[in-house]
Structure formats: C-alpha cells, structure tokens
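Undergrad: below is the structure, and that's it, no one-letter string:
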C-alpha cells in the first residue's frame, strides 16, 4: 500500500483525469469515473483482485438508497412537462406576484419548476411564457431570461429531489435525512435565486439581446399549441408539494423530543416521509395530470422518465464506486491530516466543486464527485455531524453552480432561446451564477459558524 505525499499526487491526477476526459476528450462521465476508480486503486497499491469488487459494491451501495428516488423524481418531472402542469404553475405564480413584477415572477417560477424538472428542460418549457411577458410588460429580455435561468439553477443544485443534491446527500451519509437537506436547500436556493434576480435587474439595464429589438405581436400565445387543456393549479403543484411536505414532516417528527408525539402518528409520518414512499406518493399525484389513460401517456411518459433517469443513475453509481475505492486507500486520512492545519471548513467542498464545475461543465458531475472526495474528510473538517453534513451538501451545491459558461449545456440553452450573443451571455448569465455561488457559500459559512 502506497503512503505519504504520493497519495496526494494520485488524488490530483485522478481529478485532473476526470476533468480532461470529460471536458477535452468528451468521454462520458460514467466511463471517466469508472476508469478513475481503477486508476486510483492500482496506483494506491490495492489488491488488484479486490478492486472490481470494491467498484461493484460502491456502485450498488449508493443506488440502494437513492436510485428509486432519482427515478421517481425524474418521472414526475416528465409528467409535469408533458401535461403542461409546469406552464400552469408558472401562470399561477405570475397571477399571485402580479403583472407589475414580471422579473421576480420569473425567478420564483424557475425556482419552483426546477425542483422536479431539469433546468435545461425548464427553461425551454417556460420560454414561450417568458418571451410573451417580455413584450407585454415591455421589460428587458436579458433581465427576464437571467431571472428565470438563475431561479432554475438555484433549485437545480440545492434542492432534492433534483438528482445532483440527492446523490451528494447519499454520498455524505444523509440518505435518511433528506428532509433536513430539503429544508436547508429551500432556504439557501431562495437566497441564491434572489441574488441572481438582483444581478438580472442590473444586467438588464446595460445589456441587450435579439429579443429586445425584434418585432413580436403583443398577442403572442403564452401556452404552446400542443397543450390542448392545461391542468388546474392544485393538480399541477401536488406532485411537487406532497413529497416535500411528507419528507419535511417526517424530519420534524423525528426531532429530539418528538414534537408530534412518539406513538402511531410518529410511525405514520416516518413511513410516509421516507424518500421512496414520499416520491411514490408524488408519482400517484402526477397520474391525474395525464390527458388520457393510454399507452402513449402511462407507458410512454414513464419510459421517457426512465431514460432520463438512467444517465443520472449511472453517473451517481460510478461516483459511489469511485468513493468506495478512495475509502479503501489511505488517501482520505493523509489528506485530512494535511488539511487540518488550514481550517478550511465548508470552503473546501465549495472550492473543489467550483473547480470541477467550471472545468467540465456538469453540475451533477461536480456534486457527485466532490461529495465522494469530501466524505472521508468530514471529521477533519469539523463537519461530521448531521447539521455539518447538511451544510456540506449546501457548500457542494454552491460550488456546483459556480460558474455556468460555454462548457455547460444550460449556458447554450439560455443563450439560444433568449437571443443573446455569447459575450452577452457571459456578462449576464456566467456572472450571475458566480455571484449566486459566492452569496450561497457565504451564507453557508455563517450558518456553520453559528450552528456547529
């Protein structure tokens, strides 16, 4: 077994390999993480006959707790997208906030929709609404686009059941504490989205996009034509709200002192609030969104959700395999001893996640990989408590949103659908995500100082 400084060389080489393989050579993150697992195992001197077993155990171990949750969350997102429920949610928020505040309405809409729907899809789904509001309200297209994008991005990196935060929570030992992660994520994502909105207002005063000069009828249709009949607000919000409420109630019920008692009520809340059970309840709430009960909807929409979840599950499983191999080596212990004198706390996971995100573009890969690397260091960093682990997930999420630029598919979705030139998108969206990440990690650091 290898010991000493060479362990840090092995770790850095593994991280650089993942970055270069995915960003430069376009190797899929699943393969890159798998190869990195073998590379670390061999380089650290593990028994070659046991490396494959470690990889398989790590792959299955992480998915045993969150695999079904990821699948159900993705399926719910497809139902919301296909049925038009996402459009209904957006329209409902707009009515509540009021037509005089279209920017903050866009931010809130993005924040809500991106909890179950991937931010790329969310921006595409809501583009017709955003575009129409730009013309009807006569406000800056850049402001509206960045407000929507940052609202989507905040929830995407911080709030389960989005796959990235779920994977990070699982890697950091919070499979049974998702309620706390959700509560923290809802709060911090709201702050991040608000920071993004304020930058959107500033950027909108100075920057222009193609939509700000083109001529579009004020009667432009808000609802896409393929949505024949949109579902009502209650049905639209239920698949998101019900699972979150169930998980949150279970977490509160299991607080010390059991505020809801320790009898049958506690058992019921614990059962219904288990992430798999809560997401299954959300799935049942999504079934009434189908315009008709047929193979095209029931089977077709679920198939699409399964296909969408497959990639995330494979990356998450490969991240679990990488983490298991790392734990089997002395890398974690040596790195912990080395970093102990620096007293970086929650800033270390943020820095690693931000470096990975900026280098290779994927927030999910950044969340998975960073949480794997940080897990063995929690004790050394003073984060080896439930609250410490929750704040670590938030720190990783803050890094995973810093920053979105040309190697991120979301960057191009926002730029293309908003009519922004690349330089404008860098000034508007990339700077916004940088501000969001810094504001979020600043708040996480304050929370850590008070709560730990």
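TA: Done, it's in. All values derive from a computational prediction rather than experimental measurement.
Undergrad: from here on, contacts and neighbour counts on C-alpha atoms
TA: Will do.
Undergrad: low-confidence regions, the chain specifically.
TA: Across the chain, residues meeting the criterion (pLDDT under 70) sit at 65, 99, 128, 136, 212-228, 256-257, 336-337, 339-341.
Undergrad: do that again at 50, thanks
TA: Judged by pLDDT under 50, the chain has its weakly predicted residues at 215-223.
Undergrad: could you give me the buried positions within the biggest helix by length in it?
TA: Criterion DSSP state H: the longest helix present in the chain is helix 48-83. Neighbour counts over helix 48-83 (16 or more other C-alpha atoms under 10 Å) mark 51-52, 54-55, 57-59, 61-63, 65-83 as buried.
Undergrad: kindly report the same for stretch 288-307.
TA: By 16+ other C-alpha under 10 Å, the buried positions in stretch 288-307 come out as 288, 289, 290, 291, 297, 301, 302, 305, 306.
Undergrad: now do residue 316 against residue 446, distance only.
TA: The spacing between residue 316 and residue 446, counted by C-alpha to C-alpha, to the nearest Å, is 30 Å.
Undergrad: and those two? Which one has more around it.
TA: The neighbour comparison of residue 316 against residue 446 (other C-alpha atoms under 10 Å) goes to residue 316, with 33 against 11.
Undergrad: which SSE is the more buried one in?
TA: Take DSSP states H and E as the rule and residue 316 turns out to sit in helix 300-327.
Undergrad: again with residue 282
TA: Per DSSP H and E: helix 275-286 holds residue 282.
Undergrad: what do you get for residue 27?
TA: Per DSSP H and E: nothing holds residue 27, as it lies in no helix or strand.
Undergrad: when you give positions from now on, start the count at 226
TA: Got it, first residue is 226 now, which makes that one residue 252.
Undergrad: which residues touch it?
TA: By C-alpha atoms under 8 Å, 6 or more residues apart in numbering, the contact set of residue 252 is residue 246.
Undergrad: grab the nearest non-local neighbour of residue 599.
TA: In this structure, residue 599 finds its nearest non-sequential neighbour in residue 574, 6.5 Å apart by C-alpha to C-alpha, 6 or more residues apart in numbering.
Undergrad: distance check, that neighbour against residue 278.
TA: 28 Å.
Undergrad: try residue 612
TA: Where residue 278 is concerned, residue 612 sits at a distance of 32 Å (C-alpha to C-alpha).
Undergrad: tell me the contacts of residue 589?
TA: For residue 589, the contact set (C-alpha under 8 Å, 6+ apart) comprises 382, 388, 389, 537, 625.
Undergrad: go again using 7 Å as the cut-off
TA: By C-alpha atoms under 7 Å, 6 or more residues apart in numbering, residue 589 lies in contact with residue 389.
Undergrad: what's near enough to touch residue 478?
TA: 484, 485, 491.
Undergrad: number of residues surrounding residue 490?
TA: The burial count for residue 490: 12, using other C-alpha under 10 Å.
Undergrad: buried ones in the helix or strand it falls within?
TA: Per DSSP H and E, residue 490 falls inside helix 489-497. Neighbour-count burial for helix 489-497 flags 491, 494, 495, 496, 497 (criterion: 16+ other C-alpha under 10 Å).
Undergrad: distance check, the closest residue to residue 468 other than its chain neighbours against residue 400.
TA: Of all residues not flanking residue 468 in the chain, residue 503 sits nearest, at 4.6 Å (C-alpha to C-alpha, 6+ apart). The gap separating residue 503 from residue 400 is 13 Å, by C-alpha to C-alpha.
Undergrad: who's more crowded, these two?
TA: Comparing residue 503 with residue 400 by other C-alpha under 10 Å, the one with more neighbours is residue 503, at 23 against 20.
Undergrad: got the contact list for the more buried one?
TA: When contacts are counted by C-alpha under 7 Å, 6+ apart, residue 503 touches 468, 471, 472, 497.
Undergrad: same thing but at 8 Å, please
TA: Per C-alpha under 8 Å, 6+ apart, neighbours of residue 503: 467, 468, 469, 471, 472, 497.
Undergrad: which among those gets closest to residue 245?
TA: residue 469 (37.2 Å; C-alpha to C-alpha).
Undergrad: what about that closest one, how many neighbours?
TA: By other C-alpha under 10 Å, 24 other residues sit near residue 469.
Undergrad: quick check, it in contact with residue 406.
TA: No: counting by C-alpha atoms under 8 Å, residue 406 is not a contact partner of residue 469; they are 10.8 Å apart.
Undergrad: find the residues that touch each one of the two.
TA: What both residue 469 and residue 406 touch, as defined by C-alpha under 8 Å, 6+ apart, is an empty set.
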